[in-house]
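Enquirer: got a predicted structure here, sequence first:
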Amino acid sequence: MTDSYQHNKNKGYFEIAREPASITLDAFREKYFRTETPVIIEGIGQNWPAITSWSEDYIRQKLSKNKTAKAASLWYWMEKGTLEEDYETPDIIDQLIHSKDVFPRTELMRIWAHKKGNVSSWHYDANMVNVFNVQMTGKKEWLLVSPETPLTCYPFTSFAVMDNNDKNIFKKKKYTQVILNKGDMLYIPPLWFHKVFSLDDENLNLNWIFTKKQTDVKTSTLIRELDRYALQTYLSEHRFQWVQNTFIKMNQNIPGYLRWKWRYPEMIKSPVKPRFLGLMRLTLHEIKSLAKVFWHAKKINPYLEGIRSIKKLER
């Protein structure tokens, strides 16, 4: 294991770093990727044709002609190279995708389409993905909270309990806040909580996502996440078939963005050592969050009713 990092535990607001589009892979790796620190890379897509040509109707018509593209609940999936006439894959992303340091995957690009007023509630992304998010049209406000000062999540999920009071959420947290403008790219490291507000009439974002094979950063959320996937493995491989079947059926009948499954054949390597009775500790800790869940339960339905699913692809 190489030198390990731990995020600065100092609480409060921090100014997110900004870098030019010319940043090298070596500089990006050392300053942000390895340390899992968010950064904005300015103007990386400002000259792409997509910045002026993309609309939701345009990308839906284009993707409908591509057999590998598909609509998920909240975004469109694409394979690498799809619609490549409209943008250029940044060099740092292209090199990381093809490196031996990340798990290979086919669907590694997403397009998000949101109207003004859409809010993505507090969560962190599953499978410990690194997210590279380019604002293609419109602009969005991003709130980020460090995985070292985590939010309380709904049991066994990566979604934070909704209490609709961000001022209180930020107490004793390490966080930042930024408006992402057209052509800029935000790097969201693994396990960083984020909440996103769509500000313009139409807001389109292009993502690249992938998972590192090894992390050198130890955080509270990493420990929880490793325990969570260990529990998933335990249930999906349980010696009693009814336990396996119940877990699998439960996972199949919830929205894709809530499904609980490690998608790679091996677990990410990390400085976290397996914890004795870790599954029991995780279960007890998750049960403790139920009090907050019940207290704020009435705030879930209004949010769910406001979620706008993307339009299906016509084929």
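Expert: Nice, I can see it. As the structure is a computational prediction, the values presented were derived from the model and not from experiment.
Enquirer: put the alpha carbons of stretch 187-202 into PDB.
Expert: The C-alpha coordinates for stretch 187-202 follow below in PDB (Å, rounded to 0.1, in the frame of the first residue of the first chain):
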ATOM      1  CA  TYR A 187     -14.500  16.500 -10.500                       C
ATOM      2  CA  ILE A 188     -16.500  14.800  -7.800                       C
ATOM      3  CA  PRO A 189     -14.400  12.300  -5.900                       C
ATOM      4  CA  PRO A 190     -15.700   9.000  -4.500                       C
ATOM      5  CA  LEU A 191     -18.200   9.200  -1.600                       C
ATOM      6  CA  TRP A 192     -18.500  13.000  -1.600                       C
ATOM      7  CA  PHE A 193     -22.100  13.900  -0.700                       C
ATOM      8  CA  HIS A 194     -23.700  16.400  -3.200                       C
ATOM      9  CA  LYS A 195     -26.900  18.300  -3.700                       C
ATOM     10  CA  VAL A 196     -27.600  19.900  -7.100                       C
ATOM     11  CA  PHE A 197     -29.900  22.800  -8.200                       C
ATOM     12  CA  SER A 198     -30.800  23.400 -11.800                       C
ATOM     13  CA  LEU A 199     -30.800  27.100 -12.500                       C
ATOM     14  CA  ASP A 200     -31.500  27.700 -16.200                       C
ATOM     15  CA  ASP A 201     -34.500  26.800 -18.300                       C
ATOM     16  CA  GLU A 202     -32.700  23.700 -19.700                       C
END
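Enquirer: so who does the closest residue to T215 other than its chain neighbours touch?
Expert: Nearest residue to T215, sequence neighbours excluded (Cβ to Cβ, 6 or more residues apart in numbering): S270, at 5.0 Å. In this view, the C-beta of every residue, glycine as well, is placed from N, C-alpha and C. The neighbours of S270, taking Cβ atoms under 8 Å, 6 or more residues apart in numbering as the test, are Q214, T215, D216, K218, L222, L226.
Enquirer: quick one: strands adjacent to the one helix or strand L206 maps to?
Expert: Following DSSP states H and E, the helix or strand that holds L206 is strand 202-210. Strand pairing for strand 202-210, using DSSP bridges, gives strand 107-115 (antiparallel), strand 130-137 (antiparallel).
Enquirer: any chance of these in CSV, plus distance to R315?
Expert: Shown next, in CSV, are those (distance: least, Cβ to Cβ, whole Å):
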stretch, distance to R315
strand 107-115, 17
strand 130-137, 23
